[in-house]
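Asker: Mind folding the following:
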Amino acid sequence: MTGEGLQHADGYSQLLVSANPACLAYDPAFAYEVRVIVREGLRRMYGPAGEDVFYYLTVYNEPLPQPAMPEGAQEGILRGIYRYAAGGGQAHLLASGTAIHWALAAQRMLQEEYGLGVDVWSVTSWSELRRDAMAATGVPYLRQALAGINGPVIAVSDWMRAVPDQIRPWIDQPWTSLGTDGFGLSGTRESVRRHFGVDPRSIADAVLKGVEEGSRR
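Answerer: This next block holds a predicted model:
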């Protein structure tokens, strides 16, 4: 991630590859998401139809828990979003890649410290959600998935905010995006995430701010 030591500066590659109409870009959070995406990619590229597409996946090398796939998640994984952990629906955290672990930590923190129930959604592809919404003649998949939600929506990733902001026009709730814009430099990922405000405490603070602002409307 950007600012991790001296050699890394990638907060934007998901944005760059989204400009290629033949590229399907994914930022999976869990091993089961990778499995579903790779299997579908092999089918689309090398199956009987032989589509002229290719895939770009970003994966992470942090040793984090890898749960089993929730029932019924496959469609959402391929189309870009599904609800991973319901928590009460007072606010909604949309997270991609490894950021989902910090979103889940923030979800626990908000429940334990403030009694605030937050849902966590896994966004496997910001750009595929945008493409679907731009091409839709009816209700885009993103709006179908989020239909009926209440409360603020906070998007978080290890990418610059322009990556999740791709879907902002189709979010009807108050929106906040957190990301790694600018420059950071740190010896640990934990420190650089604190610097950029994408660590669990910063995510929780953004949720609290969103809920507070919503109560004033």
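Asker: Assign a three-state SS to residue 24, would you?
Answerer: strand (DSSP: H, G, I helix; E, B strand; the rest coil).
Asker: Tell me how far the residue nearest to it when sequence neighbours are not counted lies from residue 161.
Answerer: Distance criterion C-beta to C-beta, 6 or more residues apart in numbering; nearest residue to residue 24, sequence neighbours excluded, is residue 55 at 5.1 Å. The way it works is simple: take the backbone N, C-alpha and C, and place the C-beta from them, glycine included. Per C-beta to C-beta, to the nearest Å, residue 55 is found 24 Å from residue 161.
Asker: got the buried residues for stretch 137-155?
Answerer: Of the residues in stretch 137-155, 140-142, 145-146, 149, 151-155 count as buried by neighbour count, 16 or more other C-beta atoms under 10 Å.
Asker: That one: end-to-end distance?
Answerer: Terminal residues of stretch 137-155 lie 26 Å apart, using C-alpha to C-alpha, to the nearest Å.
Asker: tell me what the helix or strand bottoming out on mean pLDDT in the chain is packed against?
Answerer: Using mean pLDDT, DSSP states H and E, the weakest-scoring helix or strand in the chain turns out to be helix 189-196, at a mean of 90. Other elements packing on helix 189-196 under the criterion 3 or more C-beta pairs under 8 Å, 6 or more residues apart in numbering; DSSP states H and E are helix 200-216.
Asker: Counting by contacts, list what the helix it packs on packs against.
Answerer: When contacts are defined as 3+ C-beta pairs under 8 Å, 6+ apart, helix 200-216 packs onto strand 91-95, helix 99-114, strand 153-156, strand 175-178, helix 189-196.
Asker: Could you tell me the least trusted of those?
Answerer: When mean pLDDT is averaged over each of the helices and strands packed on helix 200-216, helix 189-196 scores lowest at a mean of 90.
Asker: Report the inter-axis angle for it versus helix 99-114.
Answerer: Compare the direction of helix 189-196 with that of helix 99-114 by axes from the mean of the first three to the mean of the last three C-alpha atoms, to 10 degrees and you get 70 degrees.
Asker: ok, residues contacting helix 189-196?
Answerer: Outside helix 189-196, the residues that touch it by C-beta atoms under 8 Å, 6 or more residues apart in numbering are 1-4, 62, 102, 158, 178-182, 184-186, 199, 201-202.
Asker: Quick check: which ranges of this protein have low pLDDT?
Answerer: In the predicted model, the chain carries pLDDT under 70 at residues 5-8, 217.
Asker: looking at it, which residue lies furthest from center?
Answerer: What lies farthest from the middle of the chain is residue 48; by C-alpha atoms, centre = their mean that is 31.6 Å.
Asker: Are we agreed that that one is in a strand?
Answerer: No. Membership of residue 48 in a strand is not supported by three-state DSSP, which gives coil.
Asker: And it, how far from residue 55?
Answerer: Between residue 48 and residue 55 the distance is 18 Å, computed by C-beta to C-beta.
Asker: in stretch 109-128, what's buried?
Answerer: Buried-residue list, stretch 109-128, by 16+ other C-beta under 10 Å: 109-110, 116, 118-128.
Asker: re earlier: quick one, the least confident helix or strand of the chain and helix 200-216 angle?
Answerer: Going by the same axes, to 10 degrees, helix 189-196 makes 30 degrees with helix 200-216.
Asker: check contacts around residue 160.
Answerer: 2, 11-12, 15, 179-181.
Asker: Quick one: closest of the helices and strands packed on helix 200-216 to residue 80.
Answerer: Residue 80 sits nearest to strand 91-95 of all the helices and strands packed on helix 200-216, at 10.3 Å, using C-beta to C-beta.
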